[in-house]
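1. Mind folding the following:
(one chain, ligands or ions: 3)
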Amino acid sequence: MTAVAEAIAAPYRIGEHHAFYAAGREFLYLVPSGAIFGLEGLSKTIVDLLRHEALPREAIRSRLAGLHPAAEVEAVIEELEFCDVIINGESREKFPALPEPEFPIQRIVLNTTNQCNLACGYCYEYSDDKIAESAGKPKYMSTEVAQAAIDTLFKEAAGRPLLHVTFFGGETLLNFPLMKWAVEYANKKARESGKQVDYSLTTNATLLTEEIVDFLAANRIGVTVSIDGDKELHDRMRVFHSGKGSYDVIAPRIKMLLARHKTNSIGARVTLSSGVRDVRRIYDHLTKELGFQGVGFSPATANPDRLYHIGGQKMDDVFDAFSELAWEYRDFALKGGQHYFTNVNDSIKELHQGISKAYTCGAGLGLLGVSTSGGIAACHRFADSPVAQMGNVLDGGVDHGARRQFLENHHIGARPDCHSCWVRPVCAGGCYHESFIHHGQTAASTLNQCDRVRNWIDLCLRIYGEIAVHNPQFLQRFDEN
Ligand SMILES: C[S@@+](CC[C@H](N)C(=O)[O-])C[C@H]1O[C@@H](n2cnc3c(N)ncnc32)[C@H](O)[C@@H]1O
Ligand code: SF4
Ligand code: SF4
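-> Residues are numbered from 1 along each chain as shown. Ligands and ions are numbered 1, 2, ... in the order given. Take a look at the predicted model:
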């Protein structure tokens with residue numbers, strides 16, 4: 001038999017997938033491609049046939065003879081095969097390939113300082129889970145380091161027209177002069193090289209002034225404000241060194257920021273902890289009382305021994321509250337409105353774009369973190385630590401050997417625990433910092449979180465399916481970027 005004849009005779013089976021139901025229909029989330037396929041009519045009939053047994057093309061045709069025109073059966077088999085819904089012979093590669101060694105950087109995160117005017121109870125930079133070794137290192141980033149970091153970004157970003165610089169800390173605005181200088185320097189380099197740079201800042205908001213906000217607005221700098229809810233909730237963890245809560249200092253500054261800065265997005269970032277996890281109350285306060293139009297939640301990364309760690313039942317409650325907000329997002333979307341819960345928005349965007357990740361995030365790949373001493377780490381969470389290091393901007397720039405090793409060790413292909421998991425196209429193993437805190441190594445998958453990750457993406461798929469059926473125009477906003 002020829003190879004072609006063998007392929008035709010080989011039985012078809014259903015490709016790797018996760019089935020879900022939405023709007024009264026069945027959908028398949030296809031793995032590893034990350035595509036979503038709605039089953040209807042004949043496509044559902046053929047998939048249902050193959051659920052019971054693998055069948056060659058001829059057998060599918062003869063089972064459906066007299067029920068559907070032969071040409072239609074043929075066309076649907078072709079379409080299902082083209083989309084990898086059904087497969088005969090070899091499956092396609094289970095994982096995306098390793099990136100090219102010269103894969104370009106797109107974003108640097110500059111830790112403008114390792115100092116902070118707050119002492120938040122959960123902060124990974126200063127708490128018992130701290131991994132940074134900042135003793136003896138500069139407290140503030142110098143213009144020399146910022147210049148070398150920006151030069152490194154431009155050098156390593158070959159071919160990319162749009163670059164990103166994110167300012168981070170410690171409390172980032174403790175070194176506002178450096179930030180101003182860096183924006184001016186990067187803009188000059190962008191003009192000279194015909195590239196574009198955009199900027200973002202994460203801040204605790206205590207130091208925002210009208211002058212700073214006007215600078216942020218003039219330079220279209222996106223802002224993420226860290227805030228954990230209303231005064232009572234926020235002040236439980238986000239306190240000054242004296243122990244006094246920071247809410248009263250930041251609330252008027254946030255209102256001023258939202259009123260004055262309209263040139264880029266301003267979002268709230270909530271860090272949930274054991275005593276601060278009333279998601280609905282926090283969401284309502286931040287959107288209705290303060291006026292944020294984007295609120296993202298993230299449970300504090302913490303060793304399970306820490307009092308602020310959210311474990312077991314408490315995490316289930318958080319998930320239930322996330323679900324409630326996610327269904328509310330669906331209700332808004334069906335009416336063409338915008339809901340401000342960014343966790344679900346971000347997941348739906350990834351699902352719509354058919355993301356299939358080789359890595360959980362851009363750390364070490366398109367993104368690098370730079371510490372005050374110029375040390376380059378996979379991301380800002382490892383700045384000045386002994387972990388995930390890959391060079392120094394003052395001394396040779398990116399260590400490509402170390403970066404390559406990092407990318408090989410953290411690739412989805414190197415994570416056997418994830419190889420049969422249907423959610424791997426969007427999870428790809430979980431946050432490296434979370435892994436390090438829980439398992440002592442960055443390349444260990446965050447297996448303590450898997451059920452929740454799968455439940456979350458299943459929920460987002462069902463919401464996606466409902467929107468796709470009842471208001472598909474809503475999804476156009478995710479078509480690019
Ligand atoms: C480390 S701070 C640096 C920027 C600035 N000082 C601020 O608070 O926005 C950046 C973000 O990390 C969050 N964060 C701190 N410790 C965390 C932890 N253990 N787990 C998760 N997020 C944490 C903070 O709440 C904040 O939103
Ligand atoms: S303000 Fe930011 S850097 Fe400072 S302690 Fe709080 S989370 Fe950490
Ligand atoms: S970490 Fe868990 S949920 Fe994520 S891809 Fe791996 S097995 Fe799946």
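2. The residue of the chain most remote from its centre in helix, strand or coil?
-> Going by C-alpha atoms, centre = their mean, the residue of the chain most distant from its centre is Gly66, 49.3 Å out. Each residue gets one of three states, and Gly66 gets coil by DSSP: H, G, I helix; E, B strand; the rest coil.
3. Run a quick neighbour tally on Gly243.
-> When neighbours are defined as other C-beta atoms under 10 Å, Gly243 has 8 of them. Bear in mind the C-beta positions are built from the backbone N, C-alpha and C, glycine included.
4. should've said Gly396
-> 11.
5. go on, the one 10 residues further on?
-> Other residues within reach of Phe406 by the criterion other C-beta under 10 Å amount to 23.
6. Can you tell me the element it falls in?
-> helix 400-410 (DSSP states H and E).
7. any residue of whatever helix or strand comes next after that helix up close to ligand 3?
-> Note on helix 400-410: by DSSP H and E, the next helix or strand toward the C-terminus is helix 424-427. Yes. Interface with ligand 3: helix 424-427 contributes Arg424, Cys427 (C-beta under 6 Å from any ligand atom).
8. again, but for stretch 15-27
-> No. Judged by C-beta under 6 Å from any ligand atom, stretch 15-27 and ligand 3 are separated, with a smallest distance of 11.1 Å.
9. ditto for stretch 452-459
-> Yes. Shown here: stretch 452-459 in contact with ligand 3 (C-beta under 6 Å from any ligand atom) through Val453, Arg454.
10. Now do that stretch, average pLDDT.
-> Stretch 452-459 shows an average pLDDT of 97 in the prediction.
11. Can you list the neighbours in contact with it?
-> Contacts to stretch 452-459, defined as C-beta atoms under 8 Å, 6 or more residues apart in numbering, come from residues 18, 20, 315, 319, 322-323, 326, 347, 351, 421-423, 426-427, 430.
12. related to what we said a few turns ago, could you list every helix and strand in contact with the helix holding Phe406?
-> On a contact count with 3 or more C-beta pairs under 8 Å, 6 or more residues apart in numbering; DSSP states H and E, helix 400-410 meets strand 389-392.
13. Parallel or antiparallel, list what pairs with the next helix or strand after the strand it packs on.
-> The element immediately downstream of strand 389-392 (helix or strand, assigned by DSSP H and E) is strand 397-398. If you go by DSSP bridges, strand 397-398 pairs up with strand 389-392 (antiparallel).
14. Does Arg253 touch Thr203 like I think?
-> No. Using C-beta atoms under 8 Å as the test, Arg253 is too far from Thr203 to be in contact (9.6 Å).
15. When these two are compared, which one has more neighbours?
-> Thr203 (25 against 19).
16. where does the residue of the stretch 1-150 of the chain found nearest ligand 3 fall, phi/psi-wise?
-> Going by C-beta to the nearest ligand atom, ligand 3 is nearest to Val31 of the stretch 1-150 of the chain, at 10.2 Å. Backbone torsions for Val31, taken as degrees, to the nearest 10, come to phi -120, psi 130.
17. Can you pull the phi and psi angles for Leu201?
-> Torsion angles, degrees, to the nearest 10, at Leu201: phi -140, psi 140.
18. Tell me the bridge partners for it.
-> So, taking DSSP bridges as the rule, Leu201 has Phe167, Val223 as bridge partners.
19. State the distance from it to ligand 2.
-> From Leu201 across to ligand 2, the span is 12 Å (C-beta to the nearest ligand atom, to the nearest Å).
20. So in this structure, which helix runs the longest?
-> helix 312-334 (DSSP state H).
21. contacting residues around it?
-> Against helix 312-334 from outside (C-beta under 8 Å, 6+ apart): 272, 274, 277-280, 283, 297, 299, 310, 338-339, 341, 343-345, 452, 455-456, 459-460, 463, 466-467, 470-471, 474.
22. Inside strands: which ones of those residues?
-> Leu272, Phe297, Pro299 (DSSP state E).
23. which residue sits closest to the last one in space, ignoring its chain neighbours?
-> Leaving aside its sequence neighbours, Pro299 sits nearest to Leu272 (C-beta to C-beta, 6 or more residues apart in numbering; 4.7 Å).
24. Are any of the contacts of stretch 452-459 buried, and if so which?
-> 18, 20, 315, 319, 322-323, 326, 347, 351, 421-423, 426-427, 430 (16 or more other C-beta atoms under 10 Å).
25. quick one: low-confidence ranges for the chain?
-> 1-8, 481 (pLDDT under 70).
26. What residues does it have near ligand 3?
-> By the rule C-beta under 6 Å from any ligand atom, the part of the chain lying against ligand 3 is 417-418, 421, 423-424, 427-430, 445-447, 450, 453-454.
27. please redo it, this time with the cut-off set to 8 Å
-> 360, 412, 415, 417-418, 421-424, 427-430, 445-447, 449-450, 453-454 (C-beta under 8 Å from any ligand atom).
28. since we're on the residue nearest to Pro299, how many residues are nearby?
-> Around Leu272 there are 25 residues (other C-beta under 10 Å).
29. hmm, back to that, go through the ones in strands among the contacts of helix 312-334 and say which is closest to ligand 1.
-> Closest to ligand 1, out of all of the ones in strands among the contacts of helix 312-334 and judged by C-beta to the nearest ligand atom, is Pro299, at 7.1 Å.
30. since we're on Pro304, how many residues are nearby?
-> Per other C-beta under 10 Å, the neighbour tally for Pro304 reads 11.
31. same question, the one 3 residues further on
-> Number of residues near Leu307 (other C-beta under 10 Å) recorded here: 10.
32. repeat for Thr143
-> 12.
33. Quick check, it in contact with Asn175.
-> No. Thr143 is beyond contact range of Asn175, at 10.5 Å (criterion: C-beta under 8 Å).
34. list the buried ones in stretch 11-25?
-> By neighbour count with 16+ other C-beta under 10 Å, stretch 11-25 contains the buried residues Tyr12, Ile14, Gly15, Glu16, His17, His18, Phe20, Ala22.
35. and what of stretch 318-335?
-> Val318, Phe319, Ala321, Phe322, Ser323, Leu325, Ala326, Glu328, Tyr329, Arg330, Ala333.
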